[in-house]
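Participant: Structure for this input, please:
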Amino acid sequence: MKWFIRPIERLFNFIIKVIQYMPILWRDYDFDSHYALVLLKYKLERTRKKILKDNIIVGTNRVARQIRLAELLLERILVDNYCVKEHQELDERWGEYTRSDEFIFPMIRAKVKTDKDKEQSNGELLAIMNKEHYMRKQDMRYLFDHMNKKIDSWWD
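Facilitator: The predicted structure follows:
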C-alpha cells in the first residue's frame, strides 16, 4: 500500500510548495538579478527552518548559523541601503533632488546655483554611487565565497 500512498503524498507536498512559492514567482522577472537573489534567500530560509525543525543533519545549529549568515548577506544586498548617511549629508549640503527639463541629467538640487556647484555635487554623488557599488560587490563576493565553501554540507 505504501507504493500507492507515497506518490500521492509527494504530489500533495509539491502542490503545497508551489503555492508557498507563488508570491515570489508572481513578482519574478527573468531579466532582473534582484529576483534571483530573492528566490535564493527564500530557499535558504526554508532550508534553515526545516533543518532546525526536524534536526535532520549532523551539526544542525552550526549549519543553521551558516545559512543564516547567507540570508543576512542577501537581505543586506536586497535592501541596498549602502551609504544612506552619505546620501543624507549630500542632500543637506546641496538640497534634495527635484525634476528638471534637462535630458542628460534630469535632476537638480535646490542649493546648486552655478555650473561649478553642479559639477561638484554630481562628482560627490558619483563618488557615493561608486562606494555603494564597491560595498555591494564586497557583500556579493562574501556571500558567494561563503556559500561556495559551506553549501555542500547544508543538505547532507
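Participant: what is the mean pLDDT for stretch 29-40?
Facilitator: Per-residue pLDDT over stretch 29-40 has a mean of 91.
Participant: again with stretch 139-153
Facilitator: 97.
Participant: so which helix or strand takes in the spatially most central residue of the chain?
Facilitator: The centroid of the chain falls nearest to Leu78 when counting by Cα atoms, centre = their mean (2.4 Å). Assessed by DSSP states H and E, Leu78 sits inside helix 60-79.
Participant: That helix - what's its average pLDDT?
Facilitator: For helix 60-79, mean pLDDT is 97.
Participant: C-alpha coordinates for that helix, CSV please?
Facilitator: Extracted C-alpha coordinates of helix 60-79, given in CSV (Å, rounded to 0.1, in the frame of the first residue of the first chain):
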residue,chain,number,x,y,z
THR,A,60,22.2,21.3,12.9
ASN,A,61,22.9,24.5,14.8
ARG,A,62,26.2,25.1,13.0
VAL,A,63,24.7,24.7,9.6
ALA,A,64,21.7,26.9,10.6
ARG,A,65,24.1,29.7,11.6
GLN,A,66,26.0,29.3,8.3
ILE,A,67,22.7,29.5,6.3
ARG,A,68,21.6,32.4,8.4
LEU,A,69,24.7,34.3,7.6
ALA,A,70,24.0,33.8,3.9
GLU,A,71,20.4,35.0,4.5
LEU,A,72,21.6,38.2,6.3
LEU,A,73,24.0,39.0,3.5
LEU,A,74,21.3,38.5,0.9
GLU,A,75,19.0,40.8,3.0
ARG,A,76,21.7,43.5,3.1
ILE,A,77,22.2,43.2,-0.7
LEU,A,78,18.5,43.2,-1.4
VAL,A,79,17.7,46.2,0.8
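Participant: quick check: mean pLDDT across the helix or strand that that helix is followed by?
Facilitator: Sequence-wise, the next helix or strand downstream of helix 60-79 (DSSP H and E) is helix 84-94. Averaging pLDDT along helix 84-94 gives 93.
Participant: And for helix 84-94, what's in contact with it?
Facilitator: Here helix 84-94 makes contact (Cβ atoms under 8 Å, 6 or more residues apart in numbering) with Tyr97, Arg109, Ala110, Lys111, Val112, Asp117, Ser121, Glu124, Leu125, Ile128, Lys131. Any C-beta I mention is one placed from the backbone N, CA and C, and that applies to glycine too.
Participant: What are the buried residues along that helix?
Facilitator: Neighbour counts over helix 84-94 (16 or more other Cβ atoms under 10 Å) mark Glu86, His87, Leu90, Trp94 as buried.
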